[in-house]
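Chemist: Turn this into a model:
(2 chains)
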Protein chains: 2
Amino acid sequence: MRIDSIDFVYLAMPEILDIGDGSQDALLVRVCAGDHVGWGECEAAPLVSIASLVCPMSHSACKPVQASVLGQTIDNVDDIRRIGNLVRANSLDLLQADHTLSGIDIALWDLLGRRAGEPVWKLLGYSQSFAKTPYASVLFGDTPEATLQKARGIQSKGFRAAKFGWGPFGLGSVATDEAHLHAAREGLGSDGILLIDAGTVWNTDVAAARARLRALKEVRATWLEEPFVSSALDEYHSLSAESGTVGLAGGEGCHNFHMAKHMIDRAGLKYVQIDAGRIGGITIAKDVADYATTKNVTYVNHTFTSNLALSASLQPFAGLEADVICEFPTELKSLAVAMTKNHIVPDENGQIRAPDAPGLGIEPDLAGIQPYVVDAEIRVGKKILYQTPSLSR
Amino acid sequence: MRIDSIDFVYLAMPEILDIGDGSQDALLVRVCAGDHVGWGECEAAPLVSIASLVCPMSHSACKPVQASVLGQTIDNVDDIRRIGNLVRANSLDLLQADHTLSGIDIALWDLLGRRAGEPVWKLLGYSQSFAKTPYASVLFGDTPEATLQKARGIQSKGFRAAKFGWGPFGLGSVATDEAHLHAAREGLGSDGILLIDAGTVWNTDVAAARARLRALKEVRATWLEEPFVSSALDEYHSLSAESGTVGLAGGEGCHNFHMAKHMIDRAGLKYVQIDAGRIGGITIAKDVADYATTKNVTYVNHTFTSNLALSASLQPFAGLEADVICEFPTELKSLAVAMTKNHIVPDENGQIRAPDAPGLGIEPDLAGIQPYVVDAEIRVGKKILYQTPSLSR
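Modeler: Numbers count the residues shown, from 1 in each chain, chains lettered A, B, ... in the order given. From the prediction side, this is the model:
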């Protein structure tokens, strides 16, 4: 069968707040091939990914992403990799292309899984979808007291692990950060797995990160995530030599396999965090999971948005029994909840797993998204290159 | 003074051919601050860079590029770096942002140079703009015979160096590639500097690249450019161990300092090729030039488009006397010629240099571009986020 259509639908909350909450908008992707449909999601900046799907060609190595997807044969999983390679070659000079491809790749895996009646993790070669320990992913409070209350709330909901990130952390004094760290530990209780996300706040400043290590060790943080930007391999490596029991985590900014490989090989990471909605989709994320395993680096999903994106991000390491920690956004905006009819919820042990249902096992809610659909249009010359599609079919 | 406006103007040839010629479209950038104006250019995919300039915010680390530029103070060169850092932080999750920032950064250097009455290279701290040996940058012919004719043409025009790339090279048999290589050498004459650009055609296939090394050595190629994609550090490094007199060149795909640093440190390059229109502008390109110098790697500009982009790409290494080779596109489409009133032309010795005139020393031709202006519009909800500006002011 051939890929007949790619539909990108931009969804957004009525108001977007200037906070580190990625669930405030979404780019829902639908791919149709014959009678078959698959759904995916691109991470962040929906309008830019739409533009990169439909833009006019600049030259032979800067084509719109759709030029390498529409009309392509999609019969088996090898076709997904072939299409990804085509996009990377034909859109080599189009920087946004990796993010755009990601949502399409995810939708193609969903499509093939639905057609086969198999979950994506089975198509990836795994025999089982292992239970993962979700960490509640929340923003730091504005004050240490607010962080304490957030941590108590998470603990009372039964989470065994929590990640605090962004907000004021790293922007003020070391003492304030230490107060936040101790508040998080206190609220979570002494048994909880505590994870800290610096959100690249120190850019490449190793000294600034180093100044927080003492408190991070005191509160027994399992990891310090993204002290630096994704490509700062040498800075990560320097810090890792001193971080002791606090493992370094990073990699969400990687938008291709090579970047993730360098992080694994050269950044001293204990945890590599991959967003299937950025790195080129499930195909490349699985390559990274395979590679991380050979290097004794633990694979963790990065997920910022809906449960559709969550399922996509869980698939690449669903079958890795030892890699148990997983990100589970728990402060989702209503849009990200309304986007899907079903949701991934913790079981009686507080654990989650990639669904057993065909494809990604997540059903988009086309009625539910209606209030959030953004009406957008891109015109070049007399040609309308993009108009928000209706998704009725 | 404050940045009052950023205008992006999409220019394109009436017909875009499916060939490796980057001069078929352009994104002209104008930045105004008070009474001062500066001009820049972003490399490739104009519509996508426009979208990333004006898109709605997704969250605090995924803002449109203009959010970190408009209204900012621009009094001196430190402000340019500060604005770039703001863009990288506030648009962290917007992949296209580095390309978009590049054109703005270039325009800001031009603006400050024009205001000061000094060329950009002087603002960068250089005391002199040294003569560079331009290589004529052309596509391989469709046949070895066509390549021979092209090479003869270049030689007859007085170029001492020529680069052949893209076209059929690397896509067919080793024997065909060898015929092209020998044709290029024959046409150029035994004294000419011969450079070969594989255009990432082998992706990460070291064996495919290795198979061409014998002929590359026979024809005394000075460099083999981009046998692999930009981040394939290990593959570059493997090939460099065998490439002998044929230096490896690469780096044009780098979109931040870290990527270029890794190429310099770990890819076994003799030449690092930086496009100021991609890497984040003149600011980051100069950082790379400084770093390359400390590592005995030769800096070379990558330039694919107009003479405005060429001047921008020459500035970062204008003052490096030893780094003499420079890219000089010689098959420019009429758009790229019409874009500027003046042009960078070889002197009586066949050499070129970054202009001595204030700023970039290149004057956009607002009448000349008119036939190529693309009328584009982006609407989100009821808001028109982008409309082709008129540039009359």
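Chemist: which residues of the stretch 251-393 of chain A fall in strands?
Modeler: A:271-274, A:298-301, A:325-329, A:376-380, A:383-387 (DSSP state E, counting those that start in this stretch).
Chemist: name the helices or strands packed onto the third one?
Modeler: Spelled out, that is strand A:325-329. Packing partners of strand A:325-329 (3 or more C-beta pairs under 8 Å, 6 or more residues apart in numbering or on different chains; DSSP states H and E): strand A:133-139, strand A:298-301, helix A:307-314. Glycine gets a C-beta too; all of them are placed from N, C-alpha and C.
Chemist: Now the longest one - C-alpha only, CSV.
Modeler: Extracted C-alpha coordinates of helix A:307-314, given in CSV (Å, rounded to 0.1, in the frame of the first residue of the first chain):
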residue,chain,number,x,y,z
ASN,A,307,-0.6,10.0,26.3
LEU,A,308,-0.3,9.4,22.5
ALA,A,309,3.2,10.8,22.8
LEU,A,310,3.7,8.9,26.0
SER,A,311,2.9,5.6,24.4
ALA,A,312,5.2,6.4,21.5
SER,A,313,8.0,7.2,23.9
LEU,A,314,7.5,4.0,25.9
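Chemist: starting at the chain centroid, how far to that helix?
Modeler: 8 Å (C-alpha atoms, centre = their mean, to the nearest Å).
Chemist: What angle do strand A:325-329 and it make with each other?
Modeler: Interaxial angle, helix A:307-314 versus strand A:325-329 (axes from the mean of the first three to the mean of the last three C-alpha atoms, to 10 degrees): 170 degrees.
Chemist: Could you check helix A:307-314 against chain B for contacts?
Modeler: No. Helix A:307-314 lies apart from chain B when judged by C-beta under 8 Å from any C-beta of the partner chain; the minimum separation is 13.2 Å.
Chemist: OK, contacts around A:Ile362?
Modeler: Taking C-beta atoms under 8 Å, 6 or more residues apart in numbering or on different chains, we find A:Ile362 in contact with A:39, A:307-308, A:311, A:340, A:342, A:344, A:355.
Chemist: Please repeat the previous calculation with a cut-off of 7 Å.
Modeler: Neighbouring residues of A:Ile362 by C-beta atoms under 7 Å, 6 or more residues apart in numbering or on different chains: A:307-308, A:311, A:340, A:342, A:355.
Chemist: report the longest helix in chain A, please.
Modeler: Ranked by residue count, the top helix of chain A under DSSP state H comes out as helix A:97-116.
Chemist: Could you list the residues in contact with the lowest-mean-pLDDT helix or strand in chain A?
Modeler: Averaged element by element with mean pLDDT, DSSP states H and E, chain A has its least confident helix or strand at strand A:133-139 (a mean of 90). Contact with strand A:133-139 is made by A:19-21, A:150, A:154, A:159-167, A:193, A:195, A:324-331, A:346, A:351-352, as judged by C-beta under 7 Å, 6+ apart.
Chemist: Can you flag the buried ones in those?
Modeler: Buried by 16 or more other C-beta atoms under 10 Å in any protein chain shown: A:20-21, A:150, A:154, A:159-167, A:193, A:195, A:324-330, A:346, A:351-352, out of those.
Chemist: Thought A:Tyr291 was touching A:Lys261, still the case?
Modeler: Yes. Between A:Lys261 and A:Tyr291 a contact is recorded at 6.1 Å, counting by C-beta atoms under 7 Å.
Chemist: if we can go back for a sec, determine the angle, from 0 to 180 degrees, between the least confident helix or strand of chain A and strand A:325-329.
Modeler: Using the same axes, to 10 degrees: strand A:133-139 against strand A:325-329 is 40 degrees.
Chemist: in the helix or strand following strand A:133-139, what counts as buried?
Modeler: For strand A:133-139, the following helix or strand on the C-terminal side (DSSP states H and E) is helix A:144-156. By 16+ other C-beta under 10 Å, the buried positions in helix A:144-156 come out as A:144, A:146-148, A:150-151, A:154-155.
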